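Novice: Structure here, sequence nowhere to be found:
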């Protein structure tokens, strides 16, 4: 009998080569290329933590193995995200931070600009946060026991507890804020009070409030008019005050038959081109992100 061991060994080697060729190694920068430096490093004291966040070119993230967070000259932690929370702090102490990027080729970037934080006692959480739908979007209002306090508003469409950047461009001096969010999915809000000065020292978050698409229900359109123009009927009405109206739906009824949908328009006008033998009645609804609003008052047209 022939010895098959050499053939089996060769076959195994070929199989190993095929399998190894099918594996994908992580993308690597060329050995000589240094990764970009993390930019715009910010430090916020939030409750008993220091929250760090920085910017990094999205096209280069796939070449980053990790970010290295250095505090007071010593490596504090590594992370794959462009943010880090340092929970090991004490009030009244100064901490400085620098962030480096380590590439998949093992090359380390230059350090970001250093930021310093002198921690302090932070203010208590706002209370009674309410979100109400108004014509221009969502109005937020809350209570706070102290005067002359600053606030930041946070918004999320997923997890409200992971918020890093406020939606207000500058700290708010009033206990109210008007927002125009995406309305096709649930939106969450929270508010934090902060101390003044060049650095941000934020207290605990308020309770979280949620609004779903079904909260944005338009009002009934007003001023509906119906005018005959030859064999067609021209309909027009006043534009709804809500900035988040998506469309208008037109309903028609004839004597003895209830209202039925006959069309939709993006503008406050519609043309009905059907031949109608009897007296005709029209109503209109405005359409929000999820629901229609109430019907308008009827406009009627009598066949001549």
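Specialist: Sure thing, it's come through. Predicted, not measured: the structure shown is a model, and the values here were computed from it. Numbering: from 1, shown residues only.
Novice: Run a quick neighbour tally on residue 158.
Specialist: 10 (other Cβ atoms under 10 Å). C-beta coordinates here come from the backbone N, C-alpha and C atoms, glycine included.
Novice: Which parts of the stretch 101-250 of the chain are strands?
Specialist: Applying DSSP state E, counting those that start in this stretch to the stretch 101-250 of the chain gives strands spanning 115-118, 127-134, 137-143, 150-156, 176-179, 187-195, 200-205, 209-211, 225-229, 232-236, 247-254.
Novice: Show residues contacting stretch 129-149.
Specialist: The contact list for stretch 129-149 (Cβ atoms under 8 Å, 6 or more residues apart in numbering) reads 123-124, 126-128, 151, 153, 173, 175-181, 187, 189-191, 193-194, 206-209, 211, 215-217, 241-244.
Novice: Averaged pLDDT, that stretch. What do you get?
Specialist: Across stretch 129-149, pLDDT averages out at 94.
Novice: chain center to stretch 54-63, what's the gap?
Specialist: Mean-position distance between stretch 54-63 and its chain equals 20 Å (Cα atoms, centre = their mean, to the nearest Å).
Novice: Apologies, that question was intended for stretch 76-96.
Specialist: Distance, stretch centre to chain centre, for stretch 76-96: 25 Å (Cα atoms, centre = their mean).
Novice: these two touch, right, residue 186 and residue 213?
Specialist: Yes - the pair residue 186 / residue 213 is scored as a contact, 7.4 Å apart, by Cβ atoms under 8 Å.
Novice: Would you write a ChimeraX line that selects the buried entries of the contacts of stretch 129-149?
Specialist: Selection of the buried residues among the contacts of stretch 129-149 in ChimeraX, burial being defined by 16 or more other Cβ atoms under 10 Å:
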select :123,126,151,153,175,177,179,181,187,189,190,191,193,194,206,209,211,215,216,217,242,244
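Novice: rewinding a little: so which of the strands of the stretch 101-250 of the chain is the most surrounded?
Specialist: Sort the strands of the stretch 101-250 of the chain by mean neighbour count, taking mean count of other Cβ atoms under 10 Å, and strand 187-195 sits at the top with a mean of 23.
Novice: quick one, it and strand 137-143 angle?
Specialist: Angle between the axes of strand 187-195 and strand 137-143 is 40 degrees (criterion: axes from the mean of the first three to the mean of the last three Cα atoms, to 10 degrees).
Novice: what does strand 187-195 contact?
Specialist: Residues from elsewhere that reach strand 187-195, judged by Cβ under 8 Å, 6+ apart: 46, 120, 122-126, 129, 131, 138, 140, 142, 144, 149-157, 160, 163, 171, 179, 181, 200-211.
Novice: Same list as before, the strands of the stretch 101-250 of the chain that is, but in a markdown table and with distance to residue 264 included.
Specialist: Output for these, formatted as a markdown table (distance: least, Cβ to Cβ, whole Å):
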| stretch | distance to residue 264 |
| --- | --- |
| strand 115-118 | 53 |
| strand 127-134 | 22 |
| strand 137-143 | 23 |
| strand 150-156 | 30 |
| strand 176-179 | 28 |
| strand 187-195 | 26 |
| strand 200-205 | 41 |
| strand 209-211 | 25 |
| strand 225-229 | 17 |
| strand 232-236 | 12 |
| strand 247-254 | 5 |
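Novice: Least confident of those strands, on average?
Specialist: Of all these, mean pLDDT reaches its minimum on strand 200-205 (a mean of 86).
Novice: Could you check how far that strand is from the centre of its chain?
Specialist: Offset of strand 200-205 from its chain centre (Cα atoms, centre = their mean): 21 Å.
Novice: Also stretch 130-138?
Specialist: The chain centre lies 17 Å from the centre of stretch 130-138; the measure is Cα atoms, centre = their mean.
Novice: Show the contacting residues for residue 157.
Specialist: Applying Cβ under 8 Å, 6+ apart, we find residue 157 in contact with 181, 182, 185, 186, 187, 188.
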